[in-house]
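**Q** Generate a structure from the sequence data that follows.
(one chain, ligands or ions: 1)
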Amino acid sequence: MATPGPFDRERATLLNPPGLSEAWHGLDLRATLGRHFGCPVFAENDANCAALAEARFGAGRGFPTVAYYTVSTGIGAGVVRDGELVIARHDTEAGHQVLWPAHLGGPECHCGGHGCLEALASGNAIRKRFGVAPEELDDPSAWAEIGRWLGLAVVNTVALLDCDVVVFGGGVVKAWERFDRELRRTVRESLFLQPPPEIRRAELGDDRNVWGAMTLVRGLAPPPTLVQ
Ligand SMILES: [Zn+2]
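**A** Okay, here's the model as predicted:
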């Protein structure tokens, strides 16, 4: 299962993913799905699954260190080094890196904080801040702002990881041409001590989470065909 975080990896149990209703909170996937399908169940963060798929088979292939961002209703991220997921104590939550702190007026985030990347540049943030769905957002200055927030996220990511490539996927990235110039400009103008990474749009389409999950479970070489 590719699941939204946060979740308990050891027990394959969802904790309190803010994007899902409370009916999902605490759901034991291993027991529930294992009973239903009669097979072992493993769970991994959906952005991690997507990151692994893009790093192995998509826009990040060939790069030693890949950072991947899903920019969809929410924002998640994953890191892959030498073809393997980087997993630390719990989950990465790069969608909740703070770019506009509360004391400077950053908008509320549903995680409880203020000014998180997810509260500024996700699909839900676009609806809340600009009053329309991302596919209906026409205002160039709004897209430029979204590009700047995502560019700052790249800068922070490079500062910590010195990654070779940052890959962006997810629904909001369908409007890539509307914000990528401002994103790249922000990176250029904000990185001084490190060379900029490659910045790429994801290649694998909406099934990338599934490919990543399958890869984790089966430890396979690239799947024979990828549907774009
Ligand atoms: Zn947040």
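**Q** alpha carbons only for contacts and neighbour counts from here, please
**A** OK.
**Q** can you map out the helices along the protein?
**A** Along the chain, the segments classed as helices by DSSP state H run 29-37, 46-57, 117-121, 123-130, 140-161, 176-190, 208-218.
**Q** So for the ion, which of those sits nearest?
**A** Proximity to the ion, assessed across the helices of the chain by C-alpha to the ion, is greatest for helix 117-121 (6.1 Å).
**Q** quick one: is the closest one near the ion?
**A** No. Under the criterion of C-alpha under 5 Å from the ion, the ion is not reached by helix 117-121; the shortest gap measures 6.1 Å.
**Q** Could I get the average pLDDT for that helix?
**A** Throughout helix 117-121, pLDDT has a mean value of 98.
**Q** hey, C-alpha coordinates of it in PDB?
**A** Only the C-alpha atoms of helix 117-121 are listed here, as PDB (Å, rounded to 0.1, in the frame of the first residue of the first chain):
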ATOM      1  CA  LEU A 117       4.700  24.800   1.900                       C
ATOM      2  CA  GLU A 118       1.500  22.800   1.700                       C
ATOM      3  CA  ALA A 119      -0.500  25.900   3.000                       C
ATOM      4  CA  LEU A 120       1.100  28.000   0.200                       C
ATOM      5  CA  ALA A 121       1.400  26.000  -3.000                       C
END
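**Q** Identify the residues contacting the nearest residue to Val41 once chain neighbours are set aside.
**A** Distance criterion C-alpha to C-alpha, 6 or more residues apart in numbering; nearest residue to Val41, sequence neighbours excluded, is Arg30 at 5.0 Å. Residues in contact with Arg30, defined by C-alpha atoms under 8 Å, 6 or more residues apart in numbering, are 11-13, 40-42.
**Q** So which bits of stretch 178-189 are buried?
**A** Of the residues in stretch 178-189, 178-180, 182-184, 186-187 count as buried by neighbour count, 16 or more other C-alpha atoms under 10 Å.
**Q** Not counting that stretch itself, show me its contacts.
**A** Outside stretch 178-189, the residues within contact range by C-alpha under 8 Å, 6+ apart are 140, 143-152, 154-155, 196, 199.
**Q** again, only using 10 Å
**A** With C-alpha atoms under 10 Å, 6 or more residues apart in numbering as the test, stretch 178-189 has contacts from 137-156, 158, 173, 176, 190, 195-201.
**Q** buried subset of those?
**A** Of the contacts of stretch 178-189, these count as buried by 16+ other C-alpha under 10 Å: 137, 142-156, 158, 173, 176, 196-197, 199-201.
**Q** residues from the chain in reach of the ion?
**A** The chain comes close to the ion at residues 96, 109, 111, 116, as judged by C-alpha under 5 Å from the ion.
**Q** between the contacts of Arg30, which is closest to the ion?
**A** Each of those was scored against the ion by C-alpha to the ion, and Thr13 proved nearest at 21.2 Å.
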